[in-house]
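Visitor: Show me how the following folds:
(chains A, B and C)
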Amino acid sequence: MLLPLPLPPFSFLPPHGLTLPSAPEPGCRVVVPWQSGVRVGVLVGFETLRGGAGLELREAVGALDGRPFVSAAALEVLERVAAYTCAPPGTVLSNLLPTGLNVPLVHQVRALGVIGGEPVLDTWQDAAEVPLRRLELYRRQGLLDERAFVPEGSVSRLLPLREGDAGLDGAPRANQRRALAHLWALGAGESAAALARAADVPENAVRALVKKGYAGYRDVPAPPTPLTVVEPQSGVPGATLHPAPHHAGPLLSVSGGTRAARVLSLLPLIQADLASGKSVLVLAPEQSYVQQAASLLAAYVQTHVFSGDTADAERLRLWERAVEDDPFVLVGSYLALLAPLKLGRVVVLEEGSGAYKLTAGCRIFVPTAARFLAEAAGVPLLLADALTTPETRFLVAARVTLPTPVPRAHIVDLRAGGWPLSADLVRVLKQVEARGRQAVLLAPRRGFSAALACTDCEHVIGCPNCDLPLRYHRERYLLRCHQCGHQARAPDHCPACASPSLSPTRAAGTQWIAAEVARVVPSLNVKRFDRDKREDLSALIKGEAGVVVATTACLRHPPLPNVALVAVTLLDAFLSLGDFRAEEEAYRLLLNLAELSPGRRPLTLIQTFTPESPLLQAYLTGGSDAFVSDLLGRRERFLYPPFASLAKVQLSAREAATAERAATWMAGALRTAGAAADELLGPSAAPVARIKGQYSYQLFLRTDKAVLPERLAPALNYRGAARLRIDIDPRDVSGFLE
DNA sequence: AGCACGCCGACT
DNA sequence: GTCGGCGTGCTC
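Guide: Here you go, the predicted model:
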């Protein structure tokens, strides 16, 4: 039994009085006693007990499902992800199966057999009412009958109770007669008001019926939750149909084009899958992409969505819908990964998106889990992105490149001055204003500036909990930590030297850029759009002139119709992340800017201190293909994924010394387990040494895929004072290609 | 992850 | 004298 807890599988005896042939199948949900109550887990397998072994095991209470709740392929994915990420299988279950395991349960017991010489057959009662010790005693003696089930939901409905009779005769009661006739015809009404509306009578007429006993409110079983209808969207600008060719191989990569074009290119493949009775799982990294892809597909094929804000009841309904015969497309976030579809194909949209990396629990990169799923189910996997990841390029021979127009771009060299708004940018903004067009300005961060620093002693005001500068938000004269949320009023004097000359540092945020724009072109309608301040852009969506100063959050906003300029105010800020994927992600960001005005080609103005970077050269010449090949070549030379496996081992504690001691011990243990000098980096303090009051030290293990589990063995057995976290394929790795 | 047990500091 | 902080250990 696998429970959604950070634990390995646990064994239980079959439910009382049940022998193996009738036991539930693997994949079924089973209720088991757990600590002082019960929990729902997934049956993952059986073991045969020999001799007297296992007598101390507890009995399962019973199964919730007659047929598997998750497929055999899903169980295989759970197991593989657990092995791959070095996480307990239960953690993986709780991450990837957010449906049906934390359902409300009714747990009932009754005494059975002979107690104290007296034969007893009690009635069912709630288990919580029986003292725990007695429950355990009866259980051990086999005198307890237990059952657990999900209570059936009920709703209150207005039902007709009596036919109309003499009591409703007469002209004054015509409305009541009409309402009652209507109710009998309908069978049930949602409420008095709803029935009154449907029968076109005053609400009081219905109330009178209830009062006189002709109708009444009764609890009836809740009808099945309806599935959300996806609004189809067609005629999307820039989404000319470029169908991907029919392709039989296990892996296909689609790159280039716009997001909509990539989704629509899959249609012929998806339609063929549906025609053969198979459903298609389409994964997207974010809520807004899920909605967009679903709307596009819903115009052609039966489509349902499953994502973070799908309610529990609807999730369960989708799980039921998945096993029905009628195939469909399920578009969802990673939460949909293990839906029990009759799979024909797995599609991963925006496969390079960092948002696919789970930030807690098993920390799997969802496209990797999707690959495991496709392999376990024996279906093709399709990976799509504006820019193919080097990992995918390495794996996939078959690829489709959709046409991508070369951008109309202008690079501004900031070394000649002009930061934060160069003369060129100001000039174009004035044109935008003069012609009543729209512009989007991309800033690297929200807030006003990267920090507030003293011009006398260069002291930077930092967060008391984290090893980071506090971001300056000028609007409310606030300092705020973007990591832990700590907030304080900006001081008047430097806390270090008491000088009054505190000033914002470079790397302007949305506030600063917006203020600059308002200063240089005062007549422009300036809106801000970031996590702090999501101004209403509906007037701009209708075509009104204006400038949006935004973080990358604007890529999740519906596009504007009249964009003449897209500006990246400081490209370098997206590159200085020190990660070996930073360049790839910055390039992907530039390509994704096309989503701000699909179907049009606004001027893209990029301000940078490094205009000669290969990334910009590739972008300007449409050299994505060569760029990815080059990245892959460098990954091979420096032995980075996919040519080696990378694991981050992080140790954190409240006391820095505790974390450091644990990390040093770990380094020794890893070396003893065979990690060579060139395989082990660290220990070193994490780039942000302290987060939320916890100090972290980290080690990197970079080694051949085949030996990684063996090399990591000591980490898996670590029992110590510091908190250990293992991240396989980490996304934040500094110090590559330097 | 919960939930127990257990050991030290500040209070009605 | 108790309440309550969170460190350690266990869950079939």
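
Visitor: Where does pLDDT dip in the stretch 101-250 of chain A?
Guide: Per-residue confidence for the stretch 101-250 of chain A (pLDDT under 70) gives these ranges: A:113-121, A:237-241, A:246-248.

Visitor: hang on, I meant the stretch 601-738 of chain A
Guide: For the stretch 601-738 of chain A, residues meeting the criterion pLDDT under 70 lie at A:687, A:692-693, A:733-738.

Visitor: Show me the strands in it, by range?
Guide: A:603-608, A:645-653, A:680-691, A:694-703, A:723-728 (DSSP state E, counting those that start in this stretch).

Visitor: Can you lay out the ones you listed as a markdown table showing distance to DNA strand B and mean neighbour count?
Guide: C-beta coordinates here come from the backbone N, C-alpha and C atoms, glycine included. Compiled in a markdown table, those are given as follows (distance: least, C-beta to the nearest atom of the strand, whole Å; neighbours: other C-beta atoms under 10 Å):
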| stretch | distance to DNA strand B | mean neighbour count |
| --- | --- | --- |
| strand A:603-608 | 42 | 22 |
| strand A:645-653 | 13 | 23 |
| strand A:680-691 | 16 | 18 |
| strand A:694-703 | 13 | 22 |
| strand A:723-728 | 9 | 19 |
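
Visitor: Using CSV, lay out these together with distance to residue A:188.
Guide: What follows is the strands of the stretch 601-738 of chain A, written out as CSV (distance: least, C-beta to C-beta, whole Å):
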stretch, distance to residue A:188
strand A:603-608, 59
strand A:645-653, 57
strand A:680-691, 55
strand A:694-703, 56
strand A:723-728, 54
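
Visitor: mind putting those strands in a markdown table, distance to DNA strand C included?
Guide: Below are these laid out as a markdown table (distance: least, C-beta to the nearest atom of the strand, whole Å):
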| stretch | distance to DNA strand C |
| --- | --- |
| strand A:603-608 | 46 |
| strand A:645-653 | 9 |
| strand A:680-691 | 16 |
| strand A:694-703 | 11 |
| strand A:723-728 | 9 |
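
Visitor: Residue A:459 is nearest to which of those?
Guide: strand A:680-691 (17.8 Å; C-beta to C-beta).

Visitor: Show me where the stretch 201-350 of chain A has its strands.
Guide: Under the criterion DSSP E, counting those that start in this stretch, the stretch 201-350 of chain A carries strands at the ranges A:215-221, A:251-256, A:279-283, A:303-306, A:329-332, A:343-348.

Visitor: any idea which helix is longest in chain A?
Guide: helix A:656-672 (DSSP state H).

Visitor: Which residues are in contact with residue A:263?
Guide: Shown in contact with residue A:263 (C-beta atoms under 8 Å, 6 or more residues apart in numbering): A:239, A:292, A:293, A:296, A:297, A:349, A:384.

Visitor: same thing with residue A:351?
Guide: A:367, A:383, A:384, A:385, A:388, A:389, A:392 are the contacts of residue A:351 under C-beta under 8 Å, 6+ apart.

Visitor: repeat that for 10 Å
Guide: Contact analysis of residue A:351 by C-beta atoms under 10 Å, 6 or more residues apart in numbering lists A:253-255, A:283, A:285, A:365-367, A:370-371, A:381-385, A:387-389, A:391-392.

Visitor: again with residue A:624
Guide: By C-beta under 10 Å, 6+ apart, the contact set of residue A:624 is A:255, A:256, A:386, A:387, A:388, A:401, A:404, A:587, A:588, A:591, A:618.

Visitor: same thing but 7 Å
Guide: A:255, A:256, A:387, A:618 (C-beta atoms under 7 Å, 6 or more residues apart in numbering).

Visitor: correct me, but the third one touches residue A:393?
Guide: No. Taking C-beta atoms under 7 Å as the definition, residue A:387 is not a contact partner of residue A:393, at 9.9 Å.

Visitor: neighbour-wise, which of those two wins?
Guide: residue A:387 (26 against 20; other C-beta atoms under 10 Å).

Visitor: Need the nearest residue in space to the more buried one, chain neighbours excluded.
Guide: residue A:588 (4.7 Å; C-beta to C-beta, 6 or more residues apart in numbering).

Visitor: Under a three-state scheme, what state does the one you found occupy?
Guide: Look at residue A:588: counting by DSSP: H, G, I helix; E, B strand; the rest coil, its state is helix.

Visitor: thought it was touching residue A:386?
Guide: Yes. Contact criterion C-beta under 7 Å: residue A:588 and residue A:386 qualify, at 6.0 Å.

Visitor: The two: which is more packed in?
Guide: residue A:386 (26 against 20).

Visitor: ok, back up a step: quick check: which of the strands of the stretch 201-350 of chain A is nearest to residue A:33?
Guide: When the strands of the stretch 201-350 of chain A are compared by C-beta to C-beta, strand A:215-221 sits nearest residue A:33, at 28.9 Å.

Visitor: Adjacent strands (with direction) for the closest one?
Guide: Paired neighbours of strand A:215-221 in the sheet (DSSP bridges): strand A:154-160 (antiparallel).

Visitor: Now, the contacts of residue A:351 that are in helices?
Guide: Among the contacts of residue A:351, the members falling in helices (DSSP H) are A:366, A:367, A:370, A:371, A:391, A:392.

Visitor: Model confidence for residue A:93, exactly?
Guide: pLDDT, residue A:93: 97.

Visitor: Within the helices and strands, which one has it?
Guide: helix A:89-96 (DSSP states H and E).

Visitor: what's whichever helix or strand comes after that helix packed up against?
Guide: Sequence-wise, the next helix or strand downstream of helix A:89-96 (DSSP H and E) is strand A:106-115. Counting contacts by 3 or more C-beta pairs under 7 Å, 6 or more residues apart in numbering; DSSP states H and E, strand A:106-115 packs against strand A:118-121, strand A:125-126, strand A:144-149.
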